[in-house]
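A.B. asks: Got a sequence here, can you model it:
(chains A and B)
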Amino acid sequence: SAVISQKPSRDICQRGTSLTIQCQVDSQVTMMFWYRQQPGQSLTLIATANQGSEATYESGFVIDKFPISRPNLTFSTLTVSNMSPEDSSIYLCSVQGLPGSNYGYTFGSGTRLTVV
Amino acid sequence: KNEVEQSPQNLTAQEGEFITINCSYSVGISALHWLQQHPGGGIVSLFMLSSGKKKHGRLIATINIQEKHSSLHITASHPRDSAVYICAAIPLGSRLTFGEGTQLTVNP
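C.D. replies: The predicted structure follows:
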């Protein structure tokens, strides 16, 4: 079945710096979703990335802090900008409707970010 | 009140025990996922179901649409089943809505 590759799998970053997370899908998809999971919490949708248009951000998330690129139908990046310790979380990408998924959701392997 | 609620939050079992995790939701849905998250953070979809029952190996998922309730069962549990299990509903016309997760620990 189709696969999502996400990298890096983990990183430790200094406050004030930025980290870009990549998500590669082995099949073309219309929408890609980026989630944040803070320690001990459930997943929260950051934004939906569509190819050829600006990402749609959820309440509480802004483009300046979490810029997203979607250059084609198989790839997206999420940047966590000007990081602070509060950004320490697991970040996940997800898509819906990959071949063989029966329109279900498939998730990447996650990026565990620690900001010091 | 969350739209998707799971119980229990934490569950510790001995190897071989039968395990049940419950999920209740308050909105109309098109389907529901049971997800497994390992310590590294990656998430795997175990099941997506919209009615009845599905089985894969030692895992069984059931859903009752009328009662807005789903259960995940693990038979003959094993330490490698230790993970966070998340119920995620797909509301009609909307995006995934997640439960808080159940941390399962299976001791040898």
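
A.B. asks: so where do the strands sit in chain B?
C.D. replies: B:4-7, B:10-14, B:19-25, B:29-37, B:43-49, B:52-56, B:59-64, B:69-74, B:83-91, B:97-98, B:102-107 (DSSP state E).

A.B. asks: and what of chain A?
C.D. replies: Under DSSP E, chain A gives strands at A:4-7, A:10-13, A:19-25, A:31-37, A:43-50, A:56-57, A:68-72, A:75-80, A:89-96, A:105-107, A:111-115.

A.B. asks: Make a markdown table out of those strands and add mean neighbour count, mean pLDDT and distance to residue B:7.
C.D. replies: (Glycine included, C-beta is placed from N, CA and C.) Below are the strands of chain A laid out as a markdown table (neighbours: other Cβ atoms under 10 Å in any protein chain shown; pLDDT from 0 to 100; distance: least, Cβ to Cβ, whole Å):
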| stretch | mean neighbour count | mean pLDDT | distance to residue B:7 |
| --- | --- | --- | --- |
| strand A:4-7 | 18 | 94 | 30 |
| strand A:10-13 | 14 | 96 | 31 |
| strand A:19-25 | 19 | 97 | 32 |
| strand A:31-37 | 23 | 95 | 20 |
| strand A:43-50 | 20 | 94 | 18 |
| strand A:56-57 | 14 | 95 | 32 |
| strand A:68-72 | 15 | 94 | 35 |
| strand A:75-80 | 21 | 97 | 32 |
| strand A:89-96 | 23 | 95 | 23 |
| strand A:105-107 | 22 | 92 | 23 |
| strand A:111-115 | 19 | 97 | 27 |
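
A.B. asks: Spell out which residues of chain B are next to chain A.
C.D. replies: Taking Cβ under 8 Å from any Cβ of the partner chain as the measure of proximity, chain B contacts chain A at B:31, B:33, B:35, B:40-45, B:48, B:86, B:88, B:90, B:95-96, B:98-101.

A.B. asks: For chain A, what lies in contact range of chain B?
C.D. replies: Residues of chain A found near chain B (Cβ under 8 Å from any Cβ) are A:6, A:9-10, A:33, A:37, A:41-43, A:45, A:48, A:90, A:92, A:94, A:101-112.

A.B. asks: The most centrally placed residue in chain A pairs with what?
C.D. replies: When Cα atoms, centre = their mean is applied to chain A, the residue found nearest the centroid is residue A:34 (3.4 Å). Here residue A:34 sits in beta bridges with residue A:47, residue A:93, going by DSSP bridges.

A.B. asks: Pull up the gap between it and chain B, please.
C.D. replies: Distance of residue A:34 to chain B, given as Cβ to the nearest Cβ, to the nearest Å: 12 Å.

A.B. asks: residues near residue 59, how many?
C.D. replies: I went with chain A, as the question did not name one. Residues within reach of residue A:59, counting by other Cβ atoms under 10 Å in any protein chain shown, total 6.

A.B. asks: try again with chain B
C.D. replies: Using other Cβ under 10 Å, residue B:59 has 18 other residues around it.
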